[in-house]
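**Student:** I'll drop the sequence and a predicted model, then ask my questions.
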Amino acid sequence: MERAQERASTTGVNGAAEPPGGAERTGAGTTTGIALELLVHGVGGATPEKMLNDPRTVRITGDDTAAVFRRAADAGAEDGPADPRGAPVREAYVWCNLTSGNGTRALWLLLLPFMVVNLAHWMRPTARNRQGTVRLYGLLVRLAALSLTVLLVAAACEVALDLTAWQCAGTRACAEAHSWLGFLSPAESGGGWWSAPGRRLALAAVVPAALTGLLWFLSRRTWSAYESQRPMAHAPEAADDNIRTALGRPGFWYGRRLVARLRAAHTAAGLLTVAAALGSAAARHDRAPGGPAALETLAGLLYAALVAGAVAVVWVVCRRGRSERRLDQALDARLVRLLPGGALVLLLLTAVYAGWSRPGWRSAGRLPGDTTFGALTLLQGVVVIVLALVAHLLYSAHPDPRAAMRGLGGPAVTTLACALGGVMSGGVSQRVADWLDGTGGTIEGPPVLLTWQASVIPAVLLVVLGLVGWLARRTLRLRRAERDAVEREYGDGSGVQMDAMRTRRIAGMRAMAALTDRAPRIVGITSAATLFLGAAALGGAQVTDDTPGEASHGAYAVIQGAAETAQALGSWLIGFGFLLFVTWGRRAYKDPAARRTIGILWDVGTFWPRASHPFAPPCYAERAVPDLTWRMATWTEATGGRLVISGHSQGSVLAAAAAWQLTPAVRKRVALLTYGSPLERLYGRWFPAHFGPAALTSLHHDVACWRNLYRLTDPIGGPVHLPGDCGPEVDRAPLRDPLSYGRNKEHPLPSPILGHSDYQADPAFVEEREELLGRLLPREALPGPRPGSGAQGRSGRSSE
């Protein structure tokens, strides 16, 4: 192994082989004998041994996080003669550790709402010559993301400051039940120094401040590892203008400056939220009749400073800081330091102010949390509605019938992100309140709005159950239709004896795979119901100022029973969800297999750069795309050989993104083979501005050649559906799955239904790869007309 690594290290820049002197040449410094297949795995990851089908592999270039591997026997393939059969040297790019690494990945579960809202930024409809509207769309998503940060920190303040330090420590019965709060309780500590309400709150403020610091640390750590990976720079060429997607711009995968700015703003927002929660109770006491004048004046100054800090945060968030057309090397170092630093200083001053001695001050009731959570909910609802209007304007200008939800996918996903943040905030608050209070009714509990929000969860689940029933009915109907299709495909004229159970299994797999195409309707109905019920919860809390069960007293028995049932059931459901969340996090921290499962979620959700929320899980593509781009560019430049990049599942998305980042001259020397690819089925529909028909058509024209393989039993991959004659040039007819219906000479044992896996086991994979390599040969070496000459092969592609 060491000798193989040493031999591989001599193969040129970044693992690319230098042109051997004795190799076959067609021009100055170019070779035609060597061919390379660069494999990119999909979701869930894979080992290099499995990808290369060889237990002896060697790392050619890369590190423990992401690397390129070869078979040990191929480590120095560039130094020897080409394979006489024309078989390519195979390399595997393994990137799974970018999303499923060590145990700290379990902490990423806390960031799920942030990841979801970050997706909404990239879901805007296609827009041309509407830069102002596009900027407004991005601004609204960034404001929604900022509200989620404030919501999370406000929930931590509710738990630590209100429920624990203010209510429980200020109530004798609750403090007696929790001895660890004794030094904070006036009754238990005999009026000790920490028992003053302001000092209790100042000490409890350490918890939400530490949470904000943890989010800052995680963001900065991943920023150093991901966003700071510089892509390959190249001089702009005229052909770059033909790329109809932003993914080909030099600075698209280099969001270092924007993430640093947003991180500073969100960190400051979190600290200012803690300062506001800490100072509001003391200010309310000081402004009461007879309050100390000096402290009242100081409260006014702190309030003005908080408003100024909030304005600065909103200004930084609203300012457009992402530069995709160039590599933006600036960092705004002064802003990155001063904004969170100033917020921290203000928090410390507020802690001193709140902890000042105030004889006779006692804690009673709740802190003013209803106003805070109500304002956040109202703001989020307004942002979602305006965002939907903006998305509709963009879609109306350039309609795309394949776009999910007619371009409203971004607003729908933003709604779900806000709902998820609300459920997590309410669940933590409700569970902590129940734990502190037990069954004694010693404290008033969390704000009324959080109870109302929990009470509408059963109604949302009823909507979801209805949708599940509709999907089940559609699946059964489709399975019956697919039975006939399976019998025609495998039975007509083949002499195969049909088996009813085998046919049902194949038809069932096809019907289940088709459910993916129903996702837009599911998301649309769920988000609409969530928005409506969230507005109803906000209205009920503001009008009644009481919990649903208490507010329904005096109403009809049916209404009162429904309200009490919804409140109790919502509390149990939100508690169950919270416990499930914690259990899953603990398991993911200890169990690598469970951590890999979470990694699959991040494979799909963290492909996009952090353009709206800096605390979202990091974008692994900002490391993977430059890796692939550097590898393809340096290898083709050093060897002049033929290169096919083969991407499976999410790996096909990375392969396409890397191809867009190549110079036009290099792209014309690279072939693309995708299989089980979500490029159009998921990305083209949900992210039409970046993977729409125009973008994918430009990719087809810009690379040397492209073929796409898919199965009807695959729930993720599908055809690319390019318009016009481009479609059959890229998409092969659906592969048979299973390869054989029954037993025969070629398949003496039953063939499995593969679905999304093992595409390379199909003979069509090798056939398409060989034909792609053949298209990469010089014109004089081709046996027939060039691609696009009009001749069509048996599967609809250009014939050579």
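**Tutor:** Structure received.

**Student:** What ranges does the stretch 501-650 of the chain have for its helices?
**Tutor:** For the stretch 501-650 of the chain, the helices defined by DSSP state H, counting those that start in this stretch occupy 519-544, 548-551, 557-590, 592-605, 621-639, 650-661.

**Student:** could these go into CSV alongside distance to H613 and mean neighbour count?
**Tutor:** No exception for glycine: its C-beta is placed from N, CA and C like everyone else's. As requested, the helices of the stretch 501-650 of the chain are arranged in CSV below (distance: least, C-beta to C-beta, whole Å; neighbours: other C-beta atoms under 10 Å):
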stretch, distance to H613, mean neighbour count
helix 519-544, 18, 18
helix 548-551, 32, 19
helix 557-590, 19, 16
helix 592-605, 12, 18
helix 621-639, 15, 23
helix 650-661, 21, 27
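
**Student:** Tell me which of those lies nearest to R711.
**Tutor:** Using C-beta to C-beta as the measure, helix 650-661 is the one of the helices of the stretch 501-650 of the chain that comes nearest R711, at 14.1 Å.

**Student:** Tell me the first helix or strand C-terminal of that closest one.
**Tutor:** Sequence order places helix 664-667 as the next helix or strand after helix 650-661, per DSSP states H and E.

**Student:** packing partners for that following helix?
**Tutor:** If contacts are counted by 3 or more C-beta pairs under 8 Å, 6 or more residues apart in numbering; DSSP states H and E, helix 664-667 sits against helix 621-639.

**Student:** Give me the angle between the helix it packs on and helix 650-661.
**Tutor:** Helix 621-639 runs at 60 degrees relative to helix 650-661, counting by axes from the mean of the first three to the mean of the last three C-alpha atoms, to 10 degrees.

**Student:** Pretty sure N708 sits in a strand.
**Tutor:** Yes: counting by DSSP: H, G, I helix; E, B strand; the rest coil, N708 falls inside a strand.

**Student:** how distant is stretch 613-629 from the center of its chain?
**Tutor:** 11 Å (C-alpha atoms, centre = their mean, to the nearest Å).

**Student:** Quick one: mean pLDDT over it.
**Tutor:** For stretch 613-629, the per-residue pLDDT values average out at 92.

**Student:** Can you measure across it, start residue to end residue?
**Tutor:** With C-alpha to C-alpha, to the nearest Å applied, stretch 613-629 spans 26 Å between its terminal residues.

**Student:** how about the helices of the stretch 501-650 of the chain in CSV, adding distance to Y759?
**Tutor:** Supplementary listing: the helices of the stretch 501-650 of the chain in CSV, determined by distance: least, C-beta to C-beta, whole Å:
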stretch, distance to Y759
helix 519-544, 23
helix 548-551, 52
helix 557-590, 29
helix 592-605, 17
helix 621-639, 19
helix 650-661, 10
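
**Student:** For those, which has the smallest mean pLDDT value?
**Tutor:** helix 592-605 (a mean of 66).

**Student:** which residues of the stretch 651-800 of the chain fall in helices?
**Tutor:** Counting by DSSP H, counting those that start in this stretch, the stretch 651-800 of the chain has helices at residues 664-667, 685-686, 688-691, 693-702, 726-730, 763-775.

**Student:** export the ones you listed to JSON lines and tack on mean neighbour count and mean pLDDT?
**Tutor:** Supplementary listing: these in JSON lines, determined by neighbours: other C-beta atoms under 10 Å; pLDDT from 0 to 100:
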{"stretch": "helix 664-667", "mean neighbour count": "18", "mean pLDDT": "90"}
{"stretch": "helix 685-686", "mean neighbour count": "22", "mean pLDDT": "94"}
{"stretch": "helix 688-691", "mean neighbour count": "24", "mean pLDDT": "94"}
{"stretch": "helix 693-702", "mean neighbour count": "20", "mean pLDDT": "92"}
{"stretch": "helix 726-730", "mean neighbour count": "19", "mean pLDDT": "84"}
{"stretch": "helix 763-775", "mean neighbour count": "18", "mean pLDDT": "92"}
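
**Student:** Figure out which of those helices is closest to R334.
**Tutor:** Taking C-beta to C-beta as the measure, the helices of the stretch 651-800 of the chain were each checked against R334, and helix 688-691 came out nearest at 32.9 Å.

**Student:** From the chain's centroid, how far away is the closest one?
**Tutor:** Using C-alpha atoms, centre = their mean, the distance from the centre of helix 688-691 to the centre of the chain it belongs to is 16 Å.

**Student:** from here on, count from 22
**Tutor:** Let's use 22 as the start, then, which means that last one is helix 709-712.

**Student:** Give the burial count for L319, as a bare number.
**Tutor:** The burial metric for L319, expressed as a neighbour count using other C-beta atoms under 10 Å, is 20.

**Student:** re earlier: who wins for proximity to A177 among the helices of the stretch 672-821 of the chain?
**Tutor:** Within those, the stretch nearest A177 is helix 706-707; the backing value is 31.9 Å (C-beta to C-beta).

**Student:** Which residues does the closest one contact?
**Tutor:** Outside helix 706-707, the residues within contact range by C-beta atoms under 8 Å, 6 or more residues apart in numbering are 144, 423-425, 430, 541.

**Student:** ok, A576 - contacts?
**Tutor:** A584.

**Student:** What distance do you get for it to M533?
**Tutor:** For A576, the distance to M533 under the criterion C-beta to C-beta, to the nearest Å works out to 45 Å.

**Student:** From V434, how far out is the residue nearest to the spatial centre of the chain?
**Tutor:** Here the mean C-alpha position of the chain is nearest to the C-alpha of G626 (C-alpha atoms, centre = their mean), at a distance of 2.1 Å. Taking C-beta to C-beta as the criterion, G626 is separated from V434 by 11 Å.
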